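# below is the sequence, then the predicted model.
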Amino acid sequence: MELECLTLKNAGEPLQILADFLKTMVAVMKYGKTVIYRGEVFYIPCYLFTFEIPKTKEIYLILQSALCESTAFFSAKSGACQEPQTCDQRCVLQFHKTQEKAAEEMKRKIQLNRKMRQMFRKYRPVQKSAACVYVPEHSFYVKGKQNHLFLVDPLLGKVDFANLPEAEARFAENYLADLHSQKSGLSLVP
(Lines give C-alpha, C1' and ligand atoms only; values in the text may rest on other atoms or scores of the structure.)
Protein backbone atom coordinates (compact mmCIF):
# COMPACT_ATOMS: atom_id res chain seq x y z
CA MET A 1 0.00 0.00 0.00
CA GLU A 2 1.26 3.49 -0.82
CA LEU A 3 0.54 6.55 1.35
CA GLU A 4 1.12 10.26 0.87
CA CYS A 5 3.69 10.98 3.60
CA LEU A 6 5.11 14.20 4.92
CA THR A 7 8.85 14.14 5.44
CA LEU A 8 11.52 16.65 6.30
CA LYS A 9 14.65 16.51 4.16
CA ASN A 10 16.92 17.69 6.97
CA ALA A 11 15.26 15.62 9.74
CA GLY A 12 17.42 14.20 12.50
CA GLU A 13 18.23 10.51 12.84
CA PRO A 14 15.44 8.97 14.99
CA LEU A 15 17.81 6.68 16.91
CA GLN A 16 20.02 9.65 17.86
CA ILE A 17 16.98 11.72 18.93
CA LEU A 18 15.85 8.92 21.26
CA ALA A 19 19.38 8.28 22.58
CA ASP A 20 19.78 11.98 23.41
CA PHE A 21 16.43 11.96 25.22
CA LEU A 22 17.36 8.84 27.25
CA LYS A 23 20.59 10.55 28.39
CA THR A 24 18.70 13.38 30.11
CA MET A 25 18.63 13.33 33.90
CA VAL A 26 14.86 12.86 34.08
CA ALA A 27 14.93 9.93 31.62
CA VAL A 28 17.83 8.24 33.42
CA MET A 29 15.95 8.46 36.71
CA LYS A 30 12.72 7.13 35.17
CA TYR A 31 14.03 4.44 32.79
CA GLY A 32 17.48 3.61 34.20
CA LYS A 33 20.30 2.33 32.03
CA THR A 34 18.72 1.29 28.73
CA VAL A 35 19.29 -0.79 25.63
CA ILE A 36 17.52 0.34 22.44
CA TYR A 37 16.14 -1.94 19.71
CA ARG A 38 14.67 -0.71 16.43
CA GLY A 39 11.01 -1.42 15.83
CA GLU A 40 8.53 -0.74 13.04
CA VAL A 41 7.73 2.52 11.34
CA PHE A 42 4.23 3.66 12.29
CA TYR A 43 2.30 6.04 10.03
CA ILE A 44 0.51 8.79 11.96
CA PRO A 45 -2.52 10.31 10.17
CA CYS A 46 -2.58 14.11 9.98
CA TYR A 47 -4.21 16.95 8.13
CA LEU A 48 -1.88 19.30 6.29
CA PHE A 49 -3.17 22.84 5.85
CA THR A 50 -1.25 25.04 3.39
CA PHE A 51 -1.35 28.83 3.75
CA GLU A 52 0.09 31.57 1.55
CA ILE A 53 0.88 35.15 2.57
CA PRO A 54 -0.49 37.18 -0.38
CA LYS A 55 2.04 40.05 -0.17
CA THR A 56 5.19 37.92 -0.07
CA LYS A 57 3.93 34.66 -1.66
CA GLU A 58 5.55 32.74 1.21
CA ILE A 59 4.02 29.31 1.90
CA TYR A 60 3.47 27.94 5.39
CA LEU A 61 2.29 24.49 6.45
CA ILE A 62 0.27 23.65 9.55
CA LEU A 63 0.15 19.99 10.47
CA GLN A 64 -2.72 18.91 12.72
CA SER A 65 -2.73 15.37 14.11
CA ALA A 66 -5.86 13.32 13.46
CA LEU A 67 -5.25 11.39 16.70
CA CYS A 68 -4.39 13.95 19.36
CA GLU A 69 -4.17 17.72 19.79
CA SER A 70 -0.67 18.00 18.38
CA THR A 71 -0.08 20.90 15.95
CA ALA A 72 3.14 21.79 14.10
CA PHE A 73 3.95 24.85 12.01
CA PHE A 74 6.53 24.85 9.16
CA SER A 75 7.76 27.20 6.52
CA ALA A 76 7.74 25.58 3.07
CA LYS A 77 11.43 26.58 2.93
CA SER A 78 12.17 24.15 5.80
CA GLY A 79 12.28 21.24 3.37
CA ALA A 80 9.03 19.58 4.45
CA CYS A 81 7.59 17.79 1.45
CA GLN A 82 4.92 15.27 0.55
CA GLU A 83 6.01 12.09 -1.12
CA PRO A 84 4.45 8.67 -1.66
CA GLN A 85 5.86 5.85 0.48
CA THR A 86 5.13 2.15 0.43
CA CYS A 87 4.17 0.88 3.87
CA ASP A 88 2.93 -2.12 5.82
CA GLN A 89 -0.84 -1.65 6.26
CA ARG A 90 -0.55 -3.10 9.77
CA CYS A 91 1.47 -0.07 10.89
CA VAL A 92 -0.94 2.59 9.61
CA LEU A 93 -2.89 4.24 12.42
CA GLN A 94 -6.50 5.20 11.73
CA PHE A 95 -7.96 8.72 11.61
CA HIS A 96 -10.02 9.69 14.67
CA LYS A 97 -10.96 13.23 13.61
CA THR A 98 -12.64 14.67 10.58
CA GLN A 99 -10.91 17.39 8.61
CA GLU A 100 -13.47 19.92 9.91
CA LYS A 101 -12.72 19.03 13.54
CA ALA A 102 -8.98 19.27 12.88
CA ALA A 103 -9.47 22.70 11.22
CA GLU A 104 -11.40 23.91 14.29
CA GLU A 105 -8.60 22.69 16.58
CA MET A 106 -6.00 24.40 14.40
CA LYS A 107 -7.89 27.73 14.53
CA ARG A 108 -8.24 27.44 18.30
CA LYS A 109 -4.51 26.77 18.67
CA ILE A 110 -3.71 29.80 16.48
CA GLN A 111 -5.88 31.98 18.73
CA LEU A 112 -4.19 30.63 21.87
CA ASN A 113 -0.65 31.21 20.56
CA ARG A 114 0.28 34.89 20.75
CA LYS A 115 2.90 34.82 17.97
CA MET A 116 0.66 32.86 15.61
CA ARG A 117 -2.31 35.12 16.37
CA GLN A 118 -0.22 38.23 15.63
CA MET A 119 1.13 36.73 12.41
CA PHE A 120 -2.36 35.85 11.16
CA ARG A 121 -3.63 39.37 11.97
CA LYS A 122 -0.69 41.16 10.41
CA TYR A 123 -0.10 39.10 7.23
CA ARG A 124 -3.56 37.59 6.72
CA PRO A 125 -2.45 34.27 5.21
CA VAL A 126 -4.92 32.61 2.85
CA GLN A 127 -5.58 28.90 3.11
CA LYS A 128 -4.64 27.31 -0.21
CA SER A 129 -5.28 23.64 0.44
CA ALA A 130 -5.95 20.91 2.96
CA ALA A 131 -4.86 17.31 2.54
CA CYS A 132 -4.69 14.06 4.45
CA VAL A 133 -1.09 12.95 4.94
CA TYR A 134 0.81 10.52 7.13
CA VAL A 135 3.92 11.20 9.18
CA PRO A 136 6.24 8.18 9.38
CA GLU A 137 7.50 7.77 12.95
CA HIS A 138 10.04 5.18 14.01
CA SER A 139 9.32 3.01 17.02
CA PHE A 140 11.95 1.62 19.37
CA TYR A 141 11.82 -1.01 22.09
CA VAL A 142 13.79 0.06 25.12
CA LYS A 143 14.86 -2.30 27.88
CA GLY A 144 15.68 -0.53 31.12
CA LYS A 145 14.08 -0.89 34.53
CA GLN A 146 11.11 -2.15 32.49
CA ASN A 147 10.36 -2.61 28.79
CA HIS A 148 9.03 0.45 26.96
CA LEU A 149 7.92 1.36 23.46
CA PHE A 150 8.88 4.81 22.16
CA LEU A 151 7.89 6.74 19.05
CA VAL A 152 10.19 9.35 17.54
CA ASP A 153 8.84 12.21 15.45
CA PRO A 154 11.53 13.14 12.89
CA LEU A 155 9.64 16.29 11.79
CA LEU A 156 9.80 17.87 15.22
CA GLY A 157 12.97 16.07 16.27
CA LYS A 158 11.54 14.74 19.53
CA VAL A 159 10.12 11.70 21.27
CA ASP A 160 6.38 11.54 20.54
CA PHE A 161 4.35 10.70 23.63
CA ALA A 162 1.05 12.12 22.27
CA ASN A 163 0.54 9.44 19.60
CA LEU A 164 2.13 6.62 21.62
CA PRO A 165 -1.12 5.10 23.01
CA GLU A 166 -2.44 4.50 19.48
CA ALA A 167 0.88 2.99 18.38
CA GLU A 168 0.95 0.73 21.45
CA ALA A 169 -2.59 -0.46 20.71
CA ARG A 170 -1.68 -1.22 17.08
CA PHE A 171 1.53 -2.96 18.23
CA ALA A 172 -0.53 -5.17 20.57
CA GLU A 173 -3.07 -5.97 17.81
CA ASN A 174 -0.26 -6.95 15.43
CA TYR A 175 1.45 -9.07 18.09
CA LEU A 176 -1.76 -10.96 18.87
CA ALA A 177 -2.52 -11.44 15.16
CA ASP A 178 0.99 -12.85 14.63
CA LEU A 179 0.59 -15.18 17.61
CA HIS A 180 -2.79 -16.37 16.32
CA SER A 181 -1.43 -17.03 12.82
CA GLN A 182 1.53 -18.94 14.25
CA LYS A 183 -0.78 -21.13 16.36
CA SER A 184 -3.18 -21.81 13.50
CA GLY A 185 -0.25 -22.66 11.21
CA LEU A 186 0.95 -25.46 13.50
CA SER A 187 -0.02 -28.97 12.60
CA LEU A 188 0.40 -32.10 14.61
CA VAL A 189 1.95 -34.94 12.64
CA PRO A 190 1.87 -38.38 14.32
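Everything's here; your move.
# C-alpha from now on. contacts and neighbour counts both.
Fine.
# can you give me the helices in this structure?
Taking DSSP state H, the helices of the chain run over residues 14-22, 25-31, 99-112, 114-123, 164-185.
# tell me the contacts of F73?
By C-alpha atoms under 8 Å, 6 or more residues apart in numbering, the contact list for F73 reads Y60, L61, I62, L63.
# now do 7 Å
Counting by C-alpha atoms under 7 Å, 6 or more residues apart in numbering, F73 makes contact with L61, I62, L63.
# between those, which has the most around it?
L63 (24 neighbours; other C-alpha atoms under 10 Å).
# that residue and L18, how far apart?
22 Å (C-alpha to C-alpha, to the nearest Å).
# hmm, Y47 is touching V133, no?
Yes. If you go by C-alpha atoms under 7 Å, Y47 and V133 touch, sitting 6.0 Å apart.
# re earlier: format the contacts of F73 as JSON lines; extra columns: pLDDT.
Shown next, in JSON lines, are those (pLDDT from 0 to 100):
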{"residue": "L61", "pLDDT": "95"}
{"residue": "I62", "pLDDT": "96"}
{"residue": "L63", "pLDDT": "95"}
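# of those residues, which belong to strands?
When DSSP state E is applied, these are split such that L61, I62, L63 fall in strands.
# alright, calling it a day.
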